[in-house]
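Peer 1: What follows is a predicted protein model with its sequence.
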Amino acid sequence: MKLQRTTLILILLALGLGGFVYFHEIKRAPQQEEIKQKEQIFTFKEDDVQSLTVKTQNLTLNLERNDKSDEPKWLMKSPEVAPASNAIVGYLINLLVEGKSERIVSISANQLAEFGLDQPQATIDVKLKNQKTHQLILGKPDFNRRFLYAQADPAVKTGGNTGVLLVSTDFENAVNRELSEWKQPVDDLKKPTPKTDKSIDDLKKPTPNTDKPTPAKSR
C-alpha cells in the first residue's frame with residue numbers, strides 16, 4: 001500500500017510538471033512568435049516626407065517641406081512661422097527613415113502605462129507627399145536606458161493586443177529640444193551676392209603693381 005501511495009504521488013507530480021510545461025511552452029508560443037529582431041520601423045524615404053508634427057510635453061511643432069526653394073529646405077509653420085533648421089529636421093527624418101526596432105513584443109492594451117505609452121513623452125506624425133500618414137509614439141526608456149519603448153502606427157490586433165517596439169534613444173534626443181533649436185540660425189541663411197559696379201572685363205584686368213620704385217628725377 002505504501003508503494004502504491006508513493007507511485008500515485010509521483011504520477012501526480014509528473015502530471016503537474018507536464019501541465020506547467022504545456023502552459024508555458026505551448027500556450028505562450030503564439031505570443032513568443034510575435035517577437036521579431038531588427039525590423040525596419042517605416043518603409044518610406046526621406047524625399048517622400050511632406051510635413052511633420054512633433055508633439056512633446058512642452059511643445060507642439062508643425063514643419064513643412066519648402067517646395068519653393070532648397071534653402072531653407074524646411075519651414076516652421078507653428079508655433080511660429082520661420083525657416084527651420086535643416087540639420088535638426090534632417091536628423092529626425094533620418095531616424096524615421098533608417099531607424100530599426102530591436103524587437104517587437106505583443107502586449108495587452110491595459111499594459112500601455114507600464115511602457116509609458118498611455119502618456120507618451122512625444123508623438124511624431126508624418127504626412128507623405130502621397131497623402132498617406134504615419135505615427136510614432138515614444139514612451140519611457142527600458143530598465144537600463146538602452147532603448148525607448150515605442151509604437152509605430154499603433155493598432156489593436158485581434159484579441160485586444162498591440163505591438164510595442166524597442167527603438168534607439170536617439171529619438172529622445174531628436175525631439176526634446178527648445179523652440180530656438182528648431183529654427184534655422186540666421187548666419188546659415190543664404191546671403192545675397194554683393195553687387196559691384198565693375199564690368200567683367202574690369203575684373204579680369206590685372207591689378208597695377210604699385211610697389212615699383214618711382215623713377216628718379218633727371219637733373
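Peer 2: Happy to help now that I have it.

Peer 1: element containing F143?
Peer 2: Using DSSP states H and E, F143 is not contained in any helix or strand.

Peer 1: Measure how buried it is and give me the count.
Peer 2: For F143, the neighbour count with other Cβ atoms under 10 Å is 7. C-beta here means a position set from N, CA and C on the backbone, and glycine is covered the same way.

Peer 1: Phi and psi next, for it.
Peer 2: Its backbone dihedrals place F143 at phi -60, psi -30, with angles given as degrees, to the nearest 10.

Peer 1: Same question for R146.
Peer 2: phi -90, psi -30.

Peer 1: What ranges in this protein fall below the confidence cut-off?
Peer 2: Where the chain drops to pLDDT under 70, the residues are 1-5, 8, 10, 16-37, 70, 156-159, 187-219.

Peer 1: where do the helices sit along it?
Peer 2: Using DSSP state H, the helices of the chain run over residues 2-21, 29-33, 86-98, 170-175, 179-182, 200-204.

Peer 1: measure E178 to T56 for me?
Peer 2: Counting by Cβ to Cβ, to the nearest Å, the gap between E178 and T56 amounts to 11 Å.

Peer 1: Neighbour count: those two, which is higher?
Peer 2: Higher neighbour count among E178 and T56: T56, with 17 against 9, using other Cβ under 10 Å.

Peer 1: Now do the residue nearest to that one when sequence neighbours are not counted: how many residues are near it, please.
Peer 2: Sequence neighbours aside, A122 is the residue nearest to T56 in space, at 4.7 Å (criterion: Cβ to Cβ, 6 or more residues apart in numbering). Neighbours of A122 under the rule other Cβ under 10 Å: 21.

Peer 1: A122 and N66, how far apart?
Peer 2: When distance is defined by Cβ to Cβ, A122 is 24 Å away from N66.

Peer 1: out of everything not next to it in sequence, what's closest to G99?
Peer 2: With sequence-adjacent residues excluded and distances taken as Cβ to Cβ, 6+ apart, G99 is closest to I41, at 4.8 Å.
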